[in-house]
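S.K.: I need the structure of the sequence given here:
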Amino acid sequence: MSAIRLLVVDDHRIIINGIRSMLEGIEEIQIIGEAINGREAVEFVKKNAENVDVILMDIKMPEINGIEATKQILENFPHIKVLALSMFDDNLYITSMLQAGAQGYILKNTDKQELITAIQRVGEGETYFSRKVTSVVMQTFISKNMGIPQAGFEVKPEELTAREIEILKLIAQQLTNQEIAEKLLISPRTVHSHRRSLMQKIGVKNTAGLVRYAVQNKLLDEESISSD
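M.R.: You can find the predicted model right below:
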């Protein structure tokens, strides 16, 4: 498998240098560019879209912030995956990035292994949220009926099969295809087929859409999203 080609976007050079240092020697990830604000990120992608797999995107930046940059990029280049990297763990920033199309959100106090795992998961088309981020979004939605705004989906939960609901819940809990397969005693290929079928049936473009569907339809209980 070829290396994930990563664009790093942050308005602090020390952060970019730190990320380069953390990822140095990781063959599965190749940093192919950097930008110090959202405008530079958008311009870089316009010129190099075919070479970008994942964007590690800061949120608060001058000129164009990470939320708006994510919107602009994904409107024109939907094949690119965005992973938010921010110091903010409040609901407004998190849900704004999800609405913009980000498939992951991790905090700047993350360690090297989580950073690598998050980039790999998002690069493979899955979602990745740090445990703190997951707790903030899910708990807010469940307890206050807030969080991600309601969106129209093509099917209701009762129109899905029991197996589809089961797999959807596990996807929303951020299990990989391999982990779901082991849990349900089926093959990863079968899980992949269910994942693709669910996207088509529900009418979403990616795994992040499946997570939003699960949250909005209250398919996750508090125990499954609680922190350690």
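S.K.: Toward the C-terminus, what is the element adjacent to the helix or strand of the chain with the lowest mean pLDDT?
M.R.: Using mean pLDDT, DSSP states H and E, helix 131-144 stands out as the lowest-scoring helix or strand of the chain, at a mean of 64. Note on helix 131-144: by DSSP states H and E, the next helix or strand toward the C-terminus is helix 162-172.
S.K.: Could you pull out the buried residues of that next one?
M.R.: Across helix 162-172, burial judged by 16 or more other CB atoms under 10 Å covers 164-165, 167-172. C-beta: built from backbone N, CA, C; applies to glycine.
S.K.: Confidence-wise, which of those residues comes last?
M.R.: Within the buried residues of helix 162-172, Ala172 has the lowest pLDDT, namely 82.
S.K.: Could you export the buried residues of helix 162-172 as JSON lines, including distance to Thr127?
M.R.: JSON lines is the format used below for those (distance: CB to CB, whole Å):
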{"residue": "Glu164", "distance to Thr127": "18"}
{"residue": "Ile165", "distance to Thr127": "18"}
{"residue": "Ile167", "distance to Thr127": "14"}
{"residue": "Leu168", "distance to Thr127": "13"}
{"residue": "Lys169", "distance to Thr127": "14"}
{"residue": "Leu170", "distance to Thr127": "12"}
{"residue": "Ile171", "distance to Thr127": "8"}
{"residue": "Ala172", "distance to Thr127": "8"}
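S.K.: And the strands in this structure, which stretches?
M.R.: For the chain, the strands defined by DSSP state E cover 4-9, 29-35, 54-57, 81-86, 104-107, 128-129.
S.K.: Just the C-alphas of stretch 6-26, formatted as CSV.
M.R.: Taking Å, rounded to 0.1, in the frame of the first residue of the first chain, the C-alpha atoms of stretch 6-26 are listed here in CSV:
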residue,chain,number,x,y,z
LEU,A,6,-0.4,14.5,4.0
LEU,A,7,-0.7,18.3,3.8
VAL,A,8,-0.1,20.0,7.2
VAL,A,9,-1.9,23.3,7.9
ASP,A,10,-1.2,25.4,11.0
ASP,A,11,-0.4,29.0,11.6
HIS,A,12,2.4,28.2,14.1
ARG,A,13,5.6,27.0,12.5
ILE,A,14,6.6,25.3,15.7
ILE,A,15,3.6,23.0,15.4
ILE,A,16,4.4,22.1,11.8
ASN,A,17,8.0,21.4,12.7
GLY,A,18,6.8,19.3,15.7
ILE,A,19,4.5,17.2,13.4
ARG,A,20,7.3,16.7,10.9
SER,A,21,9.5,15.5,13.7
MET,A,22,6.8,13.1,15.0
LEU,A,23,6.2,11.6,11.6
GLU,A,24,9.8,11.4,10.5
GLY,A,25,10.6,7.8,9.6
ILE,A,26,7.0,6.7,9.4
